[in-house]
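1. Build me a structure from this.
(one chain, ligands or ions: 2)
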Amino acid sequence: MSLDIKAAANVANVLTESLPYIQRFAGKTIVVKFGGNAMTDPQLNAQFARDIVLMKTVGINPIVVHGGGPQIGNLLNKLNIETRFVNGMRVTDSETMDVVEMVLGASVNKEIVNTINQHGGKAIGITGKDGSFIQARKLEVKQQTPDMLVPEIIDIGHVGEVAYINRNVIDTLIAGDFIPVIAPIGVGADGSSYNINADLVAGKIAEVLEAEKLMLLTNVSGLLDKNGDILTGLTTPQVDELIADGTIYGGMLPKIQCALDAVKAGVSASHIVDGRVAHAVLLEIFTDDGVGTLITNRR
Ligand SMILES: Nc1ncnc2c1ncn2[C@@H]1O[C@H](COP(=O)(O)OP(=O)(O)O)[C@@H](O)[C@H]1O
Ligand SMILES: CC(=O)N[C@@H](CCC(=O)OP(=O)(O)O)C(=O)O
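-> Ligands and ions are numbered 1, 2, ... in the order given. Here you go, the predicted structure:
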C-alpha cells in the first residue's frame, strides 16, 4: 500500500498545531466533569477515555469527576422508587441514598475506570468516603415564590454540599501517575453519606487544586438562550438575569453556579461543553476557538 502523502501531511499539521497547547498545559491540572447525560453511548465513552489518556500522556493532569443522574433514575425506576428534583437537586431519602451510592460509587465509577484502563491509562476510582476526602454538610435549600415574604427552607434529605476537600488524597494519586476518577459522594462528620451534585464537587475540586480549567461535559451544546443560541463570555449579573427570567433552569442551575464560583476562586476558565460531540475534551483543549460556553472572570 502506498503512503497517502496528503493524509499524512494533515495528520502532521494537526499534531504541530496542538504543540503550543501541549506546552501551555503540560504539568497543569484540568478537572473534567463527565455528566450522566454525556455518557450514554459506549463509543463516545471510549473516545472520552482516549482523550483523558492522551492528556495524561502529554503531561497534563486530568481529574475526572463523574455524574450519573440518568443512571440513578433508571435504577430507581426499576425499583419503583419515585424521585423528584428541587432546584436541580435530587430529593434523597435513605432508600434513594442507598441507590445513589450503588450507582455512583460502584457501577458508573468502575465503568469509567475500566474504560480508561482499557485504553492504556492508570485510573483509580474513589468516592469522597475514601480517605474521607470529601467532607460534606447538609445542603440548605431555600425557595421563594412571589407571595412569600421570606424564603422557605425545604428539607431535601441526604443532599450535601462540600464542607472540605482533603487534596492530599488526590495529590497522592497524581504523584503515583494515576488518573483519579471521583464519584460525588461526601461523608458527614458522623460518617453518614451525602449525595452531592457532581457539578458542585467538580467545581470545588478545581478550586482546591487550583486547576487551569474546569470542563463540564453535558448533553447540550453549551449554555443556551431562549432561541437556542449558545451564550458565552457571560458576567455574574448577566447570569443572575438569565436565572431570574427562567432561561437557566433545572440541572443547568448548579452547573452555571459552580462554573462561576470556580473562576471567582482562581480557576482560569470554566467551559460548558457538549459531551455528545466526539473528542469534545480534546477539541476544547487543543484548538483556538474551543467549543461550548466559556466563563472567565474577565469583564
Ligand atoms: N439555558 C440553558 N441552556 C442549556 N441547557 C439548559 C438551560 N437551562 C436548563 N438546561 C437543562 O440543563 C440540562 C443539563 O443539566 P443536567 O441534566 O444536570 O446534565 P448533566 O447530567 O450533564 O449534569 C440540559 O439538558 C437542559 O435540559
Ligand atoms: C444532589 C443530586 O442531585 N445529586 C445527583 C448526583 C449525580 C449527578 O450530579 O449526576 P449528573 O451530573 O449526571 O446530573 C443525583 O442524584 O442525580
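2. so who does the residue nearest to the spatial centre of the chain touch?
-> Against the mean C-alpha coordinate of the chain, by Cα atoms, centre = their mean, the closest residue is residue 33 at 1.9 Å. The contact partners of residue 33, by Cβ atoms under 8 Å, 6 or more residues apart in numbering, come to 64, 65, 66, 67, 198, 199, 202, 214, 215, 216, 217. All C-beta atoms are positioned from the backbone trio N, CA, C, and that covers glycine.
3. now do residue 169
-> Going by Cβ under 8 Å, 6+ apart, residue 169 touches 126, 130, 131, 133.
4. rewinding a little: skipping its backbone neighbours, what lies nearest the residue nearest to the centre of the chain in space?
-> residue 202 (3.7 Å; Cβ to Cβ, 6 or more residues apart in numbering).
5. re earlier: is it possible to get JSON lines of the contacts of residue 169 that adds secondary structure, distance to ligand 2 and pLDDT?
-> Converted to JSON lines, these look like this (DSSP: H, G, I helix; E, B strand; the rest coil; distance: Cβ to the nearest ligand atom, whole Å; pLDDT from 0 to 100):
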{"residue": "126", "secondary structure": "strand", "distance to ligand 2": "16", "pLDDT": "98"}
{"residue": "130", "secondary structure": "helix", "distance to ligand 2": "17", "pLDDT": "98"}
{"residue": "131", "secondary structure": "helix", "distance to ligand 2": "20", "pLDDT": "97"}
{"residue": "133", "secondary structure": "coil", "distance to ligand 2": "17", "pLDDT": "98"}
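6. Most neighbours among those, which one?
-> residue 133 (22 neighbours; other Cβ atoms under 10 Å).
7. quick one on the thing from earlier: in the sheet, who's paired with the residue nearest to the centre of the chain?
-> residue 65, residue 216 (DSSP bridges).
8. Please, where are all the strands along the stretch 51-200 of the chain?
-> Using DSSP state E, counting those that start in this stretch, the strands of the stretch 51-200 of the chain run over 61-66, 85-86, 89-90, 123-127, 134-138, 141-143, 152-154, 160-165, 179-183, 185-187, 193-195.
9. Need the winner for burial among those strands.
-> Looking across these with neighbours counted as mean count of other Cβ atoms under 10 Å, the highest average goes to strand 179-183: a mean of 27.
10. can you pull the contacts of residue 262?
-> 203, 206, 207, 211, 214, 270.
11. What is the neighbour count of the residue nearest to the last one when sequence neighbours are not counted?
-> So the one you mean is residue 270. Leaving out its chain neighbours, the residue that sits closest to residue 270 by Cβ to Cβ, 6+ apart is residue 259, at 3.6 Å. Look at residue 259: counted by other Cβ under 10 Å, it has 31 neighbours.
12. Repeat that for residue 14.
-> Residue 14 - counted by other Cβ under 10 Å - has 11 other residues nearby.
13. what does the one 10 residues further on give?
-> Residue crowding around residue 24 was assessed by other Cβ under 10 Å; the count is 13.
14. returning to what we had before: contacting ligand 2 as well, which ones from the contacts of residue 33?
-> Contacts with ligand 2 within these, as defined by Cβ under 6 Å from any ligand atom: 67, 198.
15. Closest one of the contacts of residue 33 to residue 151?
-> Set against residue 151, the nearest of the contacts of residue 33 by Cβ to Cβ is residue 199 (22.3 Å).
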